[in-house]
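*Asks:* need coordinates for the below:
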Amino acid sequence: MSNAEYLTKINAEIHINELSEISKRTNEDNVPDTKKHRFAKDGFSYRTAYFQDYDGKYYKITISVGHNGNVSTVYNVGKIKKDTLPNGNIKTVLSGSKANSVSSDITVPQKTQSVKNSIRSQNENNPYDIK
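*Replies:* I've put the predicted structure just below:
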């Protein structure tokens, strides 16, 4: 992997939360975990998303997701390759830190005040917190 490809992969990984939300599953059945990771006792599935890097180029990425009961854990951005957008097959492309278009899917969890408060209260008791 070249330095430029590695930088693109890191740029995509910075947005792993957003990419996992807009990604689509690529296989029907989970693939067995041959390395016996604790978080993937039920195997791996793979998801695809499109990412537009800061240079304006599009990349198709594959995200590995480990499954253990009801818990799914994003493991990594496995494959990344330069690509063009497929016509009409996707709703959202992640671009740097913003999406080019907004998905009509409203199932993305919204931030709640209680989450903000719990984090704030934890930080108030942290003597190492830099303010």
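
*Asks:* from now on I want contacts and neighbour counts done on CA atoms only, so please keep to that.
*Replies:* OK.

*Asks:* contacts for stretch 68-85, please.
*Replies:* Residues from elsewhere that reach stretch 68-85, judged by CA atoms under 8 Å, 6 or more residues apart in numbering: 9, 12-13, 16, 20, 38-43, 50, 57-67.

*Asks:* repeat for stretch 36-53
*Replies:* Stretch 36-53 is contacted from outside by 8, 11-12, 19-20, 22-27, 29-33, 58-69, 72-73, 85, 92-96, using CA under 8 Å, 6+ apart.

*Asks:* narrow these to those that are buried.
*Replies:* With burial judged by 16 or more other CA atoms under 10 Å, the buried subset of those is 8, 11-12, 19-20, 22-24, 33, 58-67, 72, 92-96.

*Asks:* now, those that are in strands?
*Replies:* 24, 58-67, 72, 94-95 (DSSP state E).

*Asks:* out of these, which comes closest to residue 4?
*Replies:* Distances from residue 4 to those, taken as CA to CA, are shortest for residue 59 (12.7 Å).

*Asks:* so who does the closest one touch?
*Replies:* So, once contact is read as CA under 8 Å, 6+ apart, residue 59 ends up touching 50-53, 80-84.

*Asks:* which of those residues count as buried?
*Replies:* Buried, going by 16+ other CA under 10 Å: 50-53, 80, out of the contacts of residue 59.

*Asks:* how far away is residue 47 from residue 56?
*Replies:* 22 Å (CA to CA, to the nearest Å).

*Asks:* same check, this time on residue 68
*Replies:* From residue 68 across to residue 56, the span is 37 Å (CA to CA).
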